[in-house]
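**Q** structure for this input, please:
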Amino acid sequence: MIKTTRKTVVVLLVATLALSLAGCIPEKMFPPMFGESTATPEATQEPVLDPLDLDGNGSVSEFEKQIAAKNAPRDFPMPDGTVAQVDPTQPLPAEIRDVVHAETKVLVNVSRYNSNADVSQPALNSVVSYLNDFKVRTGRGLVLVWETHSAGEGQRWVMMASDIRQTPFMPTVKRSEMADLAATWAAARNYELIVHE
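**A** All right, here's what the predicted structure looks like:
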């Protein structure tokens, strides 16, 4: 009787061990062994990163605050009285581009066919003022390409941009040539480009 009981216990222990090794019996069925912890590990929380912390050092420097302010969306009053948003890091929304196109077309058209310096120079100054003011208001630079009268040369395509005193390129005969130059220049600075016909 004792031999049978021993055999039964041994068989049961071997079977239990085999099932345990095979992963068929949940661990909770067995009490913890000596020195084993019964506590479940706590989930570690990921640290909350501040989006203004650009270098990831855990604090926001004055420089990072300045970058955030520079790149913050700005209000843009529309002609109908509504207010649109300009994100200085992104291309202008279509409705704002349309407004800027219309406003600058009026300015560039004054110098387009006028060879009189008394008219064309103040018109050019108005374009430059608009470009600089646009960047101050929106945080986004603006590049304009348009056809104008060049003294002694006739009609030529020119480019002007926010924050520059004079065009970086000589006037061109072809619109496409100036548009390509301006597009490359604008893309390198993340400026908005508007080419007038």
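
**Q** how about the strands in this protein?
**A** 74-77, 83-86, 142-150, 154-161, 192-195 (DSSP state E).

**Q** which stretch among those comes nearest Pro93?
**A** strand 83-86 (6.3 Å; Cβ to Cβ). All C-beta atoms are positioned from the backbone trio N, CA, C, and that covers glycine.

**Q** so what secondary structure elements neighbour the closest one?
**A** Counting contacts by 3 or more Cβ pairs under 8 Å, 6 or more residues apart in numbering; DSSP states H and E, strand 83-86 is packed against strand 74-77, helix 94-112.

**Q** dump the ones you listed into a markdown table; add mean pLDDT, distance to Ser162 and mean neighbour count as well.
**A** Formatted as a markdown table, the helices and strands packed on strand 83-86 follow (pLDDT from 0 to 100; distance: least, Cβ to Cβ, whole Å; neighbours: other Cβ atoms under 10 Å):
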| stretch | mean pLDDT | distance to Ser162 | mean neighbour count |
| --- | --- | --- | --- |
| strand 74-77 | 92 | 14 | 14 |
| helix 94-112 | 92 | 12 | 16 |
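
**Q** dump the ones you listed into a markdown table; add distance to Ala84 as well.
**A** Listed next are the helices and strands packed on strand 83-86 as a markdown table, based on distance: least, Cβ to Cβ, whole Å:
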| stretch | distance to Ala84 |
| --- | --- |
| strand 74-77 | 5 |
| helix 94-112 | 5 |
